[in-house]
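[1] Predicted coordinates and the sequence they were generated for:
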Amino acid sequence: MPEKETWENATLSQVWILTNDPRGETRSELVRPGQKIQVSVAERLLNSDRAYAPDVDVFKNGSLIPVRLIDSAEDYAEHANNPNNLSESDMVDLFKLSAAAFKKRLAEIQNPAAMDRIVTLSEDESNKATLAQVKAAQARLEELRPSKIGKQLFKETAVTPG
């Protein structure tokens, strides 16, 4: 049996992923908000290969964050250093950065769920975020939130009648 990684749903939404059952058949599995799930590297790569783009890959966009990765996986560094996959302690450490470094790190984050967690942490006085950091985090979150009007959310596909 292959070694498994542990991932956690860091969003307030349900996430569906593909996994393999004990017979090796592919099946869909629901990951509820806050739930942890174990997947093999092959299962994670199957999901990543089927994602339309990296920003909709739940393993790269911060929807699922790594709790335990397999060090020997060939893409270990990519996931370990992904700005959308920051742990809560890594997010709190952002508040220790200089203003310029803080804004630079925020610019690397592309996922609204990850940014929303940073905003929530910035508003907690025990994390010692400056007012400028709180405002910068809130502004970045507003940039990342999908608009109800004026911003295309899905790829346009040409449809030929007939």
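    That came through fine.
[2] What residues of the least confident helix or strand in the chain by mean pLDDT count as buried?
    Lowest on mean pLDDT, DSSP states H and E among the helices and strands of the chain sits helix 76-80, with a mean of 84. Judged by neighbour count using 16 or more other C-beta atoms under 10 Å, the buried positions of helix 76-80 are His79. C-beta: built from backbone N, CA, C; applies to glycine.
[3] Check what contacts the longest helix anywhere in the chain and list those residues.
    Counting by DSSP state H, the longest helix found in the chain is helix 131-144. Contact with helix 131-144 is made by 94-95, 99, 102-103, 106-107, 109-112, 115-116, 118-119, 122-123, 129, as judged by C-beta atoms under 8 Å, 6 or more residues apart in numbering.
[4] Selection in PyMOL covering whichever of these are buried, please.
    To isolate the buried ones among those in PyMOL, judged by 16+ other C-beta under 10 Å, type:
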select buried, resi 94+95+102+103+106+109+110+111+112+115+116+118+119+122+129
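[5] before we move on, back to that, could you identify the helix or strand that succeeds the least confident helix or strand of the chain?
    Following helix 76-80 in sequence order, the next helix or strand is helix 88-94 (DSSP states H and E).
[6] So which elements touch that next one?
    Here helix 88-94 is seen to pack against helix 99-108, helix 112-122 when contacts are counted using 3 or more C-beta pairs under 8 Å, 6 or more residues apart in numbering; DSSP states H and E.
[7] I figured Gln14 hits Val31, correct?
    Yes. Assessed by C-beta atoms under 8 Å, Gln14 is found in contact with Val31 at 6.9 Å.
[8] Between these two, which has more neighbouring residues?
    The neighbour count for Gln14 versus Val31, taken as other C-beta atoms under 10 Å, is higher for Val31 (22 against 11).
[9] May I see the buried residues of whichever strand or helix holds Leu46?
    Using DSSP H and E, Leu46 falls within helix 41-50. Within helix 41-50, the residues that qualify as buried are 41, 43-44, 46-47, counting by 16+ other C-beta under 10 Å.
[10] do stretch 66-78 as well
    66, 69-70, 73, 75.
[11] go on, stretch 131-149?
    133-134, 136-137, 140-141, 144.
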